[in-house]
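> Structure for the following, please:
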Amino acid sequence: MTNLEQEPIRIGIDLGGTKIAAVALLPDGSVTEEIRVPTPREDYQGTLEAIRQLVLQLESIAGSRGTVGVGMPGSISPYTGLVQNANSTWLIGRPFDRDLADHLGRKVRVANDANCFALSEATDGAAAGARSVFGVILGTGCGGGIVFNGQVVEGPRGIAGEWGHNPLPWPEPDEYPGRRCWCGRMNCIETWVSGPALESDYTQITGERLPATDIGARASAGDKAAQDTLARHAGRLARGLSHVINILDPEVIVLGGGLSRLSHLYDVLPSLMAPYVLADRAQIDIRPPKWGDASGVRGAAWLWGRAG
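Here you go, the predicted model:
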């Protein structure tokens, strides 16, 4: 037998709206193979088959059968067993985990993609060794995942960590009455701290549409409008995260998603959050992700734990 045949593998699948990423990990976290394919959008059966083919390819390369964990948008309702809250709408109302298990002929473990991100960073990433971790996704939307003692916390309704759809706390006068969110609610945190929210803020001030990365670059070059945009965004993010600390009090917060690349956040957030945290000493530990864009797919693999 080769070394790969002798060691068990953990297969992780990250089901995104435009691509599906798959990875095979050894127990030490090393990657044996990684594959990405386009997502068969609006094609439920095609999505199941694409995942099956990825699993077969990875097992063929590794020379052994692996466990399968999947990170997906939305979550499985504990009440109905059907997908809820997924922006990949062709999954909504489907028994995705059961259908995939039948398609693969084995058990699978499925979790929200933000939960997978948090689990990855808590297992062998930026927050390894911490008992409690809150993983934040700051991208097209705003999500979160909670890990305690190495286990994902999903909650009885399957929505633990959905902090982005709470209202922005301690709003400033110019933040009333708030913005309408895609979920139908007003003033959701997501409408203020996501990538599109940051870009919209800059556009409102300057009339110019720029991606968040370019706004960050302009701020670094001394552009005052960009600097002001980042300052407003950081203040709103600080208030939103302070709310989380007052409820969960996690040891570590890890930022993920595209906006996690804005390096100034790690410098300014702790002091901005301190006035809102109900503690005599607000020592706040906020870290960038160790695994970057690969964190979600790694967390999906770790849904089965690290043991062989």
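
> show me where the protein has helices.
Along the chain, counting by DSSP state H, helices occupy 3-6, 44-62, 96-104, 113-124, 190-193, 195-206, 212-220, 224-248, 264-273, 295-301.

> model confidence over the fifth one, on average?
What that stands for is helix 190-193. The average pLDDT for helix 190-193 rounds to 95.

> now do the fourth one
Model confidence over helix 113-124 averages 92 on the pLDDT scale.

> what's it packed up against?
strand 9-15, strand 66-72, strand 132-138, strand 142-148, strand 151-152, strand 252-256, helix 295-301 (3 or more C-beta pairs under 8 Å, 6 or more residues apart in numbering; DSSP states H and E). Where C-beta positions appear, they are placed from N, C-alpha and C, glycine not excepted.

> quick one: which of those is nearest Arg185?
Counting by C-beta to C-beta, Arg185 lies closest to strand 142-148 out of those; the figure is 12.9 Å.

> Mean confidence (pLDDT) on that closest one, please.
Averaging pLDDT along strand 142-148 yields 93.

> What strands line up against that strand, and which way round?
Each strand paired with strand 142-148, and its direction, by DSSP bridges: strand 132-138 (antiparallel), strand 151-152 (antiparallel).

> Check the ones you listed for me: which has the lowest mean pLDDT.
strand 151-152 (a mean of 91).

> Using TSV, please lay out the helices and strands packed on helix 113-124 together with distance to Gly81 and mean neighbour count.
As requested, the helices and strands packed on helix 113-124 are exported to TSV (distance: least, C-beta to C-beta, whole Å; neighbours: other C-beta atoms under 10 Å):
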stretch	distance to Gly81	mean neighbour count
strand 9-15	18	27
strand 66-72	14	25
strand 132-138	25	27
strand 142-148	21	26
strand 151-152	18	17
strand 252-256	28	26
helix 295-301	20	31
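
> Using JSON lines, lay out these together with distance to Arg106.
Output for those, formatted as JSON lines (distance: least, C-beta to C-beta, whole Å):
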{"stretch": "strand 9-15", "distance to Arg106": "11"}
{"stretch": "strand 66-72", "distance to Arg106": "7"}
{"stretch": "strand 132-138", "distance to Arg106": "27"}
{"stretch": "strand 142-148", "distance to Arg106": "25"}
{"stretch": "strand 151-152", "distance to Arg106": "20"}
{"stretch": "strand 252-256", "distance to Arg106": "29"}
{"stretch": "helix 295-301", "distance to Arg106": "15"}
